[in-house]
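In: What follows is a protein structure lacking sequence information:
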């Protein structure tokens, strides 16, 4: 049994070790490649070198005048055996093919690809003749062609065969390594960008060599949205007469937060290593998007007043305060309760795009009025707010609402009035109200009002005027009349107990709102002393009893 356990542990350890090695090997193999894009400054034109694991591809070469700059850069690369695997001429313009002859004279070239479009100029003829003189294989590529370049794969996205101008015939290449890709556009214009996208061509890439040196007629907005690049490289000249790249292209890149680099600042080198993109070059666009800027308002909460609310705006982009001269401010939905909007639009001097924020507009401060209705009721009314969800009403007998507070909520009320009932008499009631909006908050409390309830009209005290026997079992009683304003009735009590303490011996007779102030009480015992009293009553309560009077019924 012990040997079995030892063997089991050994086998398990081996399995775990093998599995760990496999996982480590697999994770390394998943991202184990590298490639680099070298955008060489050659003055006017394009010269792009793609390298991967000591394999090289040259895409375009600038002009003949700029070939010395390209040759110096190639020398610094120390290319093994001076072998360049592939040379690609995207189209026959002189600022793309003029430098090739100098390269072909000094380097061993494995394969030349060139655009199907030809052009009658000396630069193009010189390029083609040099290829033939050195017996270098050359051909027109076709859509979908692929070839390996070290760890990378080169694909022909567009072979240039559908264009009607030299630029429209630019070959478009995509180079991919470890899930990252570079898209090389030659001088392809927007007309062909749109046409190819309509036909279903796919241009998605992480790094974009911007078409036609940043000319306005290339890199249209729809195309950039299709590519979705993180990085962009623009090959352009320092010559002031070129006026490239155009501001419109730089703005389109800035709006999409594409990191942009220009060869006018020096040679551009972007590396892809183990699936990660890096560069030591500095960005140079000239424009910056404010889309993700931070807007600070003078206040974030306001109260509706019926007038436009225009908070003061401060804009920060990447922590830097932007002068107000670089954007315009527009307010909307900023009168009624809800959310107001602030939209900033860049003036496109240094900044592009728009930036938005919102602020809360709470309900307006309410106005309330109230008046006494009856003796224990208060009739209230307040101002209406169409955008409010409802109202909160509070009343208390304490001026500071510290206690005895009653709160009532009115959700989506059709009326803006209410009657407070069952209040205490002879009390001051302090009342306030505020509107509220769901998901927004409460407005300010209105100014509190004070309404005092009145003392209820309790019947005044009455007295017995006459009281005498009327036979052996009757007595006659008359009393002082209570004013008719009290709408009072009367209660008469008689008892054989002077103190009216024995309940069984107390009889109560009630007369409702009678106009008579006298009565004959019957059914009494003969020769018996009775004690009698009277009081008024109404719906609010009863008055005090009158003084007690005594009477004896007759013997016979």
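Out: That came in fine, so what should we check first? Predicted model only: the values in this text are computed from it and were never measured.
In: Residue 302: how many residues sit nearby?
Out: 18 (other C-beta atoms under 10 Å). C-beta: built from backbone N, CA, C; applies to glycine.
In: Bridged to residue 339, which residues?
Out: Here residue 339 sits in beta bridges with residue 360, going by DSSP bridges.
In: Distance check, it against residue 440.
Out: 8 Å (C-beta to C-beta, to the nearest Å).
In: Which residue of these two possesses the greater neighbour count?
Out: Ranked by neighbour count (other C-beta under 10 Å), residue 339 and residue 440 place residue 440 first, with 18 against 14.
In: returning to that earlier point: give the intersection of the neighbour lists for residue 339 and residue 440.
Out: 360-361 (C-beta atoms under 8 Å, 6 or more residues apart in numbering).
In: lowest-confidence helix or strand of this structure?
Out: helix 2-30 (a mean of 49; mean pLDDT, DSSP states H and E).
In: ok, then the element right after it?
Out: Using DSSP states H and E, the next helix or strand after helix 2-30 towards the C-terminus is strand 34-39.
In: who does that following strand pair up with?
Out: strand 48-52 (antiparallel), strand 268-273 (antiparallel).
In: Of the ones you listed, flag the one that's most buried.
Out: Comparing the strands paired with strand 34-39 by mean neighbour count (mean count of other C-beta atoms under 10 Å), strand 48-52 comes out on top with a mean of 24.
In: Could I get the average pLDDT for that one?
Out: Strand 48-52 comes out with an average pLDDT of 98.
In: now whichever helix or strand comes after it and strand 34-39, what's the angle there?
Out: Counting by DSSP H and E, the next helix or strand C-terminal to strand 48-52 is strand 55-59. Strand 55-59 runs at 30 degrees relative to strand 34-39, counting by axes from the mean of the first three to the mean of the last three C-alpha atoms, to 10 degrees.
In: Report the next helix or strand after strand 55-59 in sequence order.
Out: helix 67-77.
In: That following helix: which residues count as buried?
Out: Residues of helix 67-77 classed as buried by neighbour count (16 or more other C-beta atoms under 10 Å): 67, 69-71, 73-74.
In: same check, this time on stretch 358-369
Out: Neighbour-count burial for stretch 358-369, with 16+ other C-beta under 10 Å as criterion, is recorded at 359-366, 368.
In: partners of residue 314 in the sheet?
Out: When assigned by DSSP bridges, residue 314 has beta-bridge partners residue 296.
In: And for residue 84?
Out: Note on residue 84: beta-bridge partners by DSSP bridges are residue 109.
In: Pretty sure it sits against residue 57.
Out: Yes. Using C-beta atoms under 8 Å, residue 84 is in contact with residue 57, at 7.1 Å.
In: and residue 486, how far is that from residue 376?
Out: With C-beta to C-beta as the criterion, residue 486 and residue 376 are 16 Å apart.
In: Using the three-state scheme, assign residue 222.
Out: Following DSSP: H, G, I helix; E, B strand; the rest coil, residue 222 is assigned to helix.
In: How many residues are close by it?
Out: Neighbour count of residue 222, defined by other C-beta under 10 Å: 12.
In: Could you report the pLDDT at it?
Out: 98.
In: re the thing from before, pLDDT and distance to residue 516 for the buried residues of helix 67-77 - can I get that in TSV?
Out: Output for the buried residues of helix 67-77, formatted as TSV (pLDDT from 0 to 100; distance: C-beta to C-beta, whole Å):
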residue	pLDDT	distance to residue 516
67	97	134
69	98	129
70	98	130
71	98	135
73	98	128
74	98	132
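In: can these go into TSV with extra columns for distance to residue 163?
Out: Shown next, in TSV, are those (distance: C-beta to C-beta, whole Å):
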residue	distance to residue 163
67	26
69	29
70	26
71	30
73	30
74	30
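In: and of those residues, the nearest to residue 504?
Out: residue 73 (127.4 Å; C-beta to C-beta).
In: Could you pull up the residues touching the residue lying closest to residue 443 once chain neighbours are set aside?
Out: Distances taken as C-beta to C-beta, 6 or more residues apart in numbering place residue 363 nearest to residue 443, at 3.3 Å, with adjacent residues excluded. Contact analysis of residue 363 by C-beta under 8 Å, 6+ apart lists 303-304, 337, 385, 387-388, 434-437, 440, 442-443.
In: Would you mind measuring from residue 363 to residue 442?
Out: 7 Å.
In: Spit out the residues that contact these two alike.
Out: By C-beta under 8 Å, 6+ apart, residue 363 and residue 442 have these common neighbours: 434-436.
In: Pipe the residues you listed into JSON lines and attach secondary structure per row.
Out: Listed next are the shared contacts of residue 363 and residue 442 as JSON lines, based on three-state DSSP:
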{"residue": "434", "secondary structure": "strand"}
{"residue": "435", "secondary structure": "strand"}
{"residue": "436", "secondary structure": "strand"}
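In: Quick one: which of those is the most crowded by neighbours?
Out: residue 435 (27 neighbours).
In: quick one: pLDDT of that one?
Out: 96.
In: Next, the distance between the ends of stretch 370-385.
Out: 18 Å (C-alpha to C-alpha, to the nearest Å).
In: How about that stretch, which residues are buried there?
Out: 370, 376, 378, 380, 382-383, 385.
In: farthest-separated two in the residues you listed?
Out: Spatially, the most separated pair among the buried residues of stretch 370-385 is 376 and 385, at 29.8 Å (C-beta to C-beta).
In: residues contacting residue 42?
Out: 61-63, 66-67, 69-70, 99, 235, 263.
In: Now do the helix or strand hosting residue 182, average pLDDT.
Out: Element membership of residue 182, judged by DSSP H and E, is strand 180-184. For strand 180-184, mean pLDDT is 98.
In: Also stretch 463-481?
Out: For stretch 463-481, mean pLDDT is 94.
In: Need the residues that contact that stretch.
Out: Residues outside stretch 463-481 that contact it (C-beta under 8 Å, 6+ apart) are 462, 490, 492, 494, 517-527, 530, 532-534, 546-547, 549, 551-556.
In: Need the nearest residue in space to residue 406, chain neighbours excluded.
Out: Nearest to residue 406 is residue 395, by C-beta to C-beta, 6+ apart, at 5.5 Å.
In: residues in contact with that neighbour?
Out: 405-406, 420, 429-432.
In: Please pick the buried ones from those residues.
Out: 420, 429-432.
In: Name the nearest of the residues you listed relative to residue 271.
Out: Closest to residue 271, out of all of these and judged by C-beta to C-beta, is residue 432, at 68.9 Å.
In: Assign a three-state SS to that closest one, would you?
Out: Quick answer, by three-state DSSP: residue 432 is strand.
In: Can you name the residues bridging to it?
Out: residue 394.
In: how far away is it from residue 154?
Out: Taking C-beta to C-beta, one finds residue 432 at 77 Å from residue 154.
In: cool, residue 333 as well?
Out: From residue 333 to residue 154 the distance is 53 Å (C-beta to C-beta).
In: Those two: which is more packed in?
Out: When residue 333 and residue 154 are compared for neighbours, residue 154 comes out ahead with 25 against 12, by other C-beta under 10 Å.
In: doesn't the more buried one fall inside a strand?
Out: Yes. Secondary structure of residue 154 (three-state DSSP): part of a strand.
In: and it, what is it in contact with?
Out: 50, 57, 86, 146-148, 173-175.
In: Residue 113 versus that one, what's the distance?
Out: Taken as C-beta to C-beta, the span from residue 154 to residue 113 is 9 Å.
In: Next: residue 351.
Out: Taking C-beta to C-beta, one finds residue 351 at 41 Å from residue 113.
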